[in-house]
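Asks: Okay, sequence plus prediction incoming.
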Amino acid sequence: MNAYQKRSLAFCAAIFLSIGLLVPVSTAQSGQDRSGKTESPSPSEQGWHVDVTPYLWFAGVHGTAGVLGHEVSVHADAADVLSNFNIGFMGVVEPRYNRVIFPVDFMWVKLTDNNALPFDEGATTAKAEFNQTILTPGIGYRILDTDKIKIDGKIGIRYWHLSSSLSLHPSTSANGFSSTADWADGVIGGKIVMRISRKLNVTIGGDAGGGTARADYQAYGLLGFRVSKKWILHAGYRYMSINYRPQTSFIYDMNMSGMLLGATWKAK
(Lines give C-alpha, C1' and ligand atoms only; values in the text may rest on other atoms or scores of the structure.)
Protein backbone atom coordinates (compact mmCIF):
# COMPACT_ATOMS: atom_id res chain seq x y z
CA MET A 1 0.00 0.00 0.00
CA ASN A 2 1.53 3.33 -1.05
CA ALA A 3 1.55 6.56 0.95
CA TYR A 4 -1.40 8.07 -0.94
CA GLN A 5 -3.64 5.06 -0.27
CA LYS A 6 -2.66 5.12 3.42
CA ARG A 7 -3.61 8.79 3.65
CA SER A 8 -6.96 8.11 1.95
CA LEU A 9 -7.77 5.26 4.34
CA ALA A 10 -6.70 7.38 7.32
CA PHE A 11 -8.94 10.21 6.16
CA CYS A 12 -11.95 7.85 5.81
CA ALA A 13 -11.25 6.41 9.24
CA ALA A 14 -11.12 9.90 10.77
CA ILE A 15 -14.49 10.81 9.26
CA PHE A 16 -16.24 7.71 10.55
CA LEU A 17 -14.50 7.88 13.91
CA SER A 18 -15.79 11.46 14.28
CA ILE A 19 -19.30 10.36 13.33
CA GLY A 20 -19.14 7.39 15.69
CA LEU A 21 -18.05 9.57 18.60
CA LEU A 22 -20.45 12.43 17.94
CA VAL A 23 -23.61 10.40 17.41
CA PRO A 24 -23.88 8.92 20.91
CA VAL A 25 -22.73 12.11 22.63
CA SER A 26 -25.12 14.35 20.71
CA THR A 27 -27.97 11.89 21.14
CA ALA A 28 -27.41 11.75 24.88
CA GLN A 29 -27.26 15.54 25.23
CA SER A 30 -29.93 16.73 22.80
CA GLY A 31 -31.68 13.62 21.53
CA GLN A 32 -33.89 13.30 24.61
CA ASP A 33 -36.36 15.75 26.07
CA ARG A 34 -37.24 16.02 29.75
CA SER A 35 -39.68 13.17 29.51
CA GLY A 36 -36.95 10.85 28.24
CA LYS A 37 -38.38 10.53 24.71
CA THR A 38 -36.03 10.52 21.72
CA GLU A 39 -36.09 13.75 19.74
CA SER A 40 -37.20 13.36 16.14
CA PRO A 41 -36.86 15.80 13.25
CA SER A 42 -39.45 18.56 13.22
CA PRO A 43 -42.28 18.35 10.66
CA SER A 44 -40.58 21.12 8.66
CA GLU A 45 -37.62 18.77 8.06
CA GLN A 46 -39.79 16.02 6.57
CA GLY A 47 -40.56 15.52 2.87
CA TRP A 48 -38.57 16.95 -0.02
CA HIS A 49 -35.98 19.71 0.42
CA VAL A 50 -33.58 21.13 -2.17
CA ASP A 51 -30.48 23.26 -1.43
CA VAL A 52 -28.66 24.97 -4.33
CA THR A 53 -25.16 26.33 -3.60
CA PRO A 54 -23.16 28.14 -6.30
CA TYR A 55 -19.61 28.79 -5.14
CA LEU A 56 -16.21 30.14 -6.14
CA TRP A 57 -13.05 28.22 -5.24
CA PHE A 58 -9.86 30.31 -5.40
CA ALA A 59 -7.47 27.38 -5.53
CA GLY A 60 -3.76 27.20 -6.06
CA VAL A 61 -2.35 24.14 -7.84
CA HIS A 62 0.81 22.22 -6.93
CA GLY A 63 2.05 18.88 -8.19
CA THR A 64 3.26 17.00 -11.25
CA ALA A 65 1.75 16.65 -14.72
CA GLY A 66 3.09 14.56 -17.57
CA VAL A 67 2.33 13.15 -21.00
CA LEU A 68 4.24 11.08 -23.55
CA GLY A 69 7.03 10.34 -21.09
CA HIS A 70 7.63 13.98 -20.15
CA GLU A 71 6.91 15.33 -16.64
CA VAL A 72 6.73 18.90 -15.39
CA SER A 73 6.42 20.30 -11.89
CA VAL A 74 3.48 22.69 -11.50
CA HIS A 75 3.39 25.42 -8.84
CA ALA A 76 0.72 28.10 -9.32
CA ASP A 77 -0.92 30.05 -6.53
CA ALA A 78 -4.53 31.26 -6.64
CA ALA A 79 -3.53 34.60 -8.20
CA ASP A 80 -1.69 32.83 -11.05
CA VAL A 81 -4.69 30.60 -11.77
CA LEU A 82 -7.11 33.53 -11.61
CA SER A 83 -5.02 35.57 -14.07
CA ASN A 84 -5.50 32.81 -16.69
CA PHE A 85 -9.15 32.09 -15.81
CA ASN A 86 -11.40 32.23 -18.88
CA ILE A 87 -14.76 30.83 -17.84
CA GLY A 88 -16.14 28.32 -15.38
CA PHE A 89 -18.99 27.15 -13.19
CA MET A 90 -19.03 25.63 -9.70
CA GLY A 91 -22.00 24.51 -7.65
CA VAL A 92 -23.66 21.92 -5.42
CA VAL A 93 -27.26 20.73 -5.64
CA GLU A 94 -28.50 18.68 -2.69
CA PRO A 95 -32.02 17.23 -2.90
CA ARG A 96 -33.17 15.46 0.27
CA TYR A 97 -36.20 13.33 1.05
CA ASN A 98 -36.62 12.95 4.80
CA ARG A 99 -33.16 11.61 5.76
CA VAL A 100 -32.03 10.34 2.34
CA ILE A 101 -29.85 12.83 0.43
CA PHE A 102 -28.71 12.97 -3.20
CA PRO A 103 -25.80 15.46 -3.35
CA VAL A 104 -24.23 16.47 -6.68
CA ASP A 105 -21.08 18.65 -6.83
CA PHE A 106 -20.07 20.01 -10.25
CA MET A 107 -17.02 22.09 -11.19
CA TRP A 108 -15.87 23.13 -14.66
CA VAL A 109 -12.96 25.50 -15.26
CA LYS A 110 -11.34 26.71 -18.48
CA LEU A 111 -7.92 28.38 -18.40
CA THR A 112 -6.20 30.05 -21.35
CA ASP A 113 -2.81 31.67 -21.86
CA ASN A 114 -1.27 33.45 -24.85
CA ASN A 115 2.46 34.00 -25.25
CA ALA A 116 4.57 35.56 -27.95
CA LEU A 117 7.20 33.40 -29.67
CA PRO A 118 10.73 34.69 -30.43
CA PHE A 119 10.42 34.08 -34.19
CA ASP A 120 10.29 36.56 -37.07
CA GLU A 121 8.74 34.08 -39.50
CA GLY A 122 6.03 31.46 -39.20
CA ALA A 123 4.07 31.22 -35.98
CA THR A 124 4.48 34.26 -33.74
CA THR A 125 2.17 33.38 -30.82
CA ALA A 126 1.15 30.23 -28.96
CA LYS A 127 -2.22 29.76 -27.26
CA ALA A 128 -2.64 27.15 -24.52
CA GLU A 129 -6.04 26.00 -23.25
CA PHE A 130 -6.82 23.77 -20.27
CA ASN A 131 -10.25 22.41 -19.30
CA GLN A 132 -11.00 20.55 -16.07
CA THR A 133 -14.38 19.05 -15.20
CA ILE A 134 -15.11 17.35 -11.87
CA LEU A 135 -18.54 15.78 -11.28
CA THR A 136 -19.32 14.11 -7.93
CA PRO A 137 -22.81 12.59 -7.61
CA GLY A 138 -23.65 10.56 -4.53
CA ILE A 139 -26.28 9.19 -2.19
CA GLY A 140 -26.30 9.45 1.57
CA TYR A 141 -28.23 9.29 4.80
CA ARG A 142 -28.70 11.84 7.58
CA ILE A 143 -27.42 9.85 10.55
CA LEU A 144 -28.20 12.52 13.12
CA ASP A 145 -30.80 15.28 12.66
CA THR A 146 -31.27 17.65 15.60
CA ASP A 147 -31.61 21.39 15.98
CA LYS A 148 -27.97 21.75 17.10
CA ILE A 149 -26.14 19.24 14.91
CA LYS A 150 -26.70 17.34 11.68
CA ILE A 151 -24.45 14.51 10.48
CA ASP A 152 -24.58 13.03 6.97
CA GLY A 153 -22.76 9.98 5.62
CA LYS A 154 -22.49 9.40 1.88
CA ILE A 155 -20.98 7.33 -0.90
CA GLY A 156 -20.53 8.30 -4.54
CA ILE A 157 -18.26 8.57 -7.54
CA ARG A 158 -16.01 11.37 -8.71
CA TYR A 159 -15.70 11.72 -12.47
CA TRP A 160 -12.76 13.67 -13.91
CA HIS A 161 -12.32 15.03 -17.44
CA LEU A 162 -9.14 16.85 -18.44
CA SER A 163 -8.28 18.31 -21.81
CA SER A 164 -5.42 20.50 -22.92
CA SER A 165 -4.39 21.98 -26.25
CA LEU A 166 -1.61 24.11 -27.71
CA SER A 167 -2.18 26.00 -30.96
CA LEU A 168 0.17 28.19 -32.99
CA HIS A 169 -0.80 31.42 -34.73
CA PRO A 170 -0.67 32.14 -37.60
CA SER A 171 -1.45 28.55 -38.54
CA THR A 172 1.32 26.26 -39.69
CA SER A 173 1.30 22.74 -41.07
CA ALA A 174 1.77 21.47 -37.50
CA ASN A 175 -0.77 23.81 -35.98
CA GLY A 176 -0.96 22.37 -32.50
CA PHE A 177 -1.25 19.51 -30.06
CA SER A 178 -4.00 18.25 -27.78
CA SER A 179 -4.66 15.50 -25.24
CA THR A 180 -7.56 14.36 -23.05
CA ALA A 181 -8.12 12.03 -20.10
CA ASP A 182 -11.28 10.70 -18.42
CA TRP A 183 -11.66 8.53 -15.33
CA ALA A 184 -13.90 7.91 -12.30
CA ASP A 185 -13.18 7.00 -8.67
CA GLY A 186 -15.38 5.71 -5.86
CA VAL A 187 -15.45 7.93 -2.76
CA ILE A 188 -16.94 7.69 0.72
CA GLY A 189 -17.24 10.43 3.31
CA GLY A 190 -19.52 12.65 5.33
CA LYS A 191 -20.48 16.10 6.54
CA ILE A 192 -21.12 17.60 9.98
CA VAL A 193 -23.12 20.84 10.38
CA MET A 194 -23.09 22.44 13.84
CA ARG A 195 -25.29 25.42 14.74
CA ILE A 196 -23.38 27.96 16.85
CA SER A 197 -26.16 30.54 17.12
CA ARG A 198 -29.36 31.55 15.37
CA LYS A 199 -27.31 33.10 12.55
CA LEU A 200 -24.03 31.14 12.52
CA ASN A 201 -23.13 27.52 11.73
CA VAL A 202 -19.96 25.55 11.04
CA THR A 203 -19.66 22.81 8.40
CA ILE A 204 -16.83 20.24 8.30
CA GLY A 205 -16.74 17.54 5.64
CA GLY A 206 -14.81 15.55 3.12
CA ASP A 207 -14.45 12.25 1.32
CA ALA A 208 -11.75 9.88 0.15
CA GLY A 209 -11.34 6.95 -2.18
CA GLY A 210 -9.81 5.85 -5.43
CA GLY A 211 -10.17 3.29 -8.17
CA THR A 212 -8.76 4.43 -11.45
CA ALA A 213 -6.64 6.97 -9.56
CA ARG A 214 -4.27 5.83 -6.85
CA ALA A 215 -5.80 8.32 -4.42
CA ASP A 216 -8.62 10.84 -4.62
CA TYR A 217 -9.72 12.84 -1.56
CA GLN A 218 -10.84 16.23 -0.29
CA ALA A 219 -11.58 18.06 2.97
CA TYR A 220 -13.26 21.38 3.67
CA GLY A 221 -14.41 23.64 6.47
CA LEU A 222 -16.99 26.43 6.16
CA LEU A 223 -18.47 29.16 8.32
CA GLY A 224 -22.08 29.92 7.40
CA PHE A 225 -24.07 33.10 8.09
CA ARG A 226 -27.85 33.06 7.61
CA VAL A 227 -28.99 36.33 6.02
CA SER A 228 -32.63 35.30 5.50
CA LYS A 229 -34.93 32.30 5.70
CA LYS A 230 -33.89 31.25 2.18
CA TRP A 231 -30.21 32.30 2.00
CA ILE A 232 -27.00 31.34 3.84
CA LEU A 233 -23.58 32.80 2.96
CA HIS A 234 -20.47 30.60 3.32
CA ALA A 235 -16.73 31.25 3.58
CA GLY A 236 -14.03 28.70 4.24
CA TYR A 237 -11.20 26.55 2.92
CA ARG A 238 -11.07 23.49 0.65
CA TYR A 239 -8.27 21.02 -0.06
CA MET A 240 -8.39 18.39 -2.83
CA SER A 241 -5.76 15.87 -3.92
CA ILE A 242 -5.66 13.55 -6.93
CA ASN A 243 -2.95 11.09 -7.96
CA TYR A 244 -3.79 9.70 -11.40
CA ARG A 245 -1.06 7.55 -12.92
CA PRO A 246 -2.59 4.93 -15.25
CA GLN A 247 -0.62 2.34 -17.19
CA THR A 248 0.02 4.96 -19.88
CA SER A 249 2.25 7.97 -20.24
CA PHE A 250 -0.35 10.37 -18.77
CA ILE A 251 0.27 11.74 -15.24
CA TYR A 252 -1.89 14.05 -13.15
CA ASP A 253 -0.68 14.18 -9.54
CA MET A 254 -2.05 17.45 -8.12
CA ASN A 255 -2.93 19.14 -4.84
CA MET A 256 -5.46 21.98 -5.05
CA SER A 257 -6.27 24.23 -2.10
CA GLY A 258 -7.61 27.66 -1.36
CA MET A 259 -10.42 29.88 -0.09
CA LEU A 260 -14.01 28.99 -0.95
CA LEU A 261 -16.94 31.45 -1.05
CA GLY A 262 -20.52 30.41 -1.68
CA ALA A 263 -24.21 31.03 -1.01
CA THR A 264 -26.91 28.42 -0.32
CA TRP A 265 -30.43 29.01 -1.60
CA LYS A 266 -33.03 26.83 0.09
CA ALA A 267 -35.19 26.29 -2.96
CA LYS A 268 -37.64 24.01 -1.16
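Replies: It's in. All values reported here derive from a predicted model rather than from experimental measurement.

Asks: Give me the below-cutoff pLDDT ranges for this structure.
Replies: 1-44, 68-70, 114-127, 167-177 (pLDDT under 70).

Asks: change it to 80
Replies: Residue ranges of the chain with pLDDT under 80: 1-45, 66-72, 84, 86, 113-128, 165-179, 247-250.

Asks: in it, which spans are strands?
Replies: Taking DSSP state E as the test, the strands found in the chain are 48-67, 70-76, 85-97, 100-101, 104-116, 125-145, 149-169, 176-195, 200-211, 215-226, 231-244, 251-266.

Asks: what would those strands look like in JSON lines with mean neighbour count?
Replies: C-beta here means a position set from N, CA and C on the backbone, and glycine is covered the same way. Putting the strands of the chain into JSON lines (neighbours: other CB atoms under 10 Å) gives the following:
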{"stretch": "strand 48-67", "mean neighbour count": "16"}
{"stretch": "strand 70-76", "mean neighbour count": "11"}
{"stretch": "strand 85-97", "mean neighbour count": "15"}
{"stretch": "strand 100-101", "mean neighbour count": "16"}
{"stretch": "strand 104-116", "mean neighbour count": "15"}
{"stretch": "strand 125-145", "mean neighbour count": "17"}
{"stretch": "strand 149-169", "mean neighbour count": "18"}
{"stretch": "strand 176-195", "mean neighbour count": "17"}
{"stretch": "strand 200-211", "mean neighbour count": "19"}
{"stretch": "strand 215-226", "mean neighbour count": "20"}
{"stretch": "strand 231-244", "mean neighbour count": "18"}
{"stretch": "strand 251-266", "mean neighbour count": "18"}
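
Asks: quick one, what contacts the nearest residue to Gln132 once chain neighbours are set aside?
Replies: Sequence neighbours aside, Val109 is the residue nearest to Gln132 in space, at 5.1 Å (criterion: CB to CB, 6 or more residues apart in numbering). Counting by CB atoms under 8 Å, 6 or more residues apart in numbering, Val109 makes contact with Phe85, Gly88, Met90, Asn131, Gln132.

Asks: On the strand side of things, show who the nearest residue to the third one once chain neighbours are set aside bridges to.
Replies: When you say that, I think you mean Met90. Counting by CB to CB, 6+ apart, Met107 is the residue found nearest to Met90 once chain neighbours are left out, at 4.6 Å. Beta bridges link Met107 to Met90, Ile134 when assigned by DSSP bridges.

Asks: so Met107 touches Pro54, yeah?
Replies: No - applying CB atoms under 8 Å, one finds Met107 not in contact with Pro54, separated by 10.9 Å.
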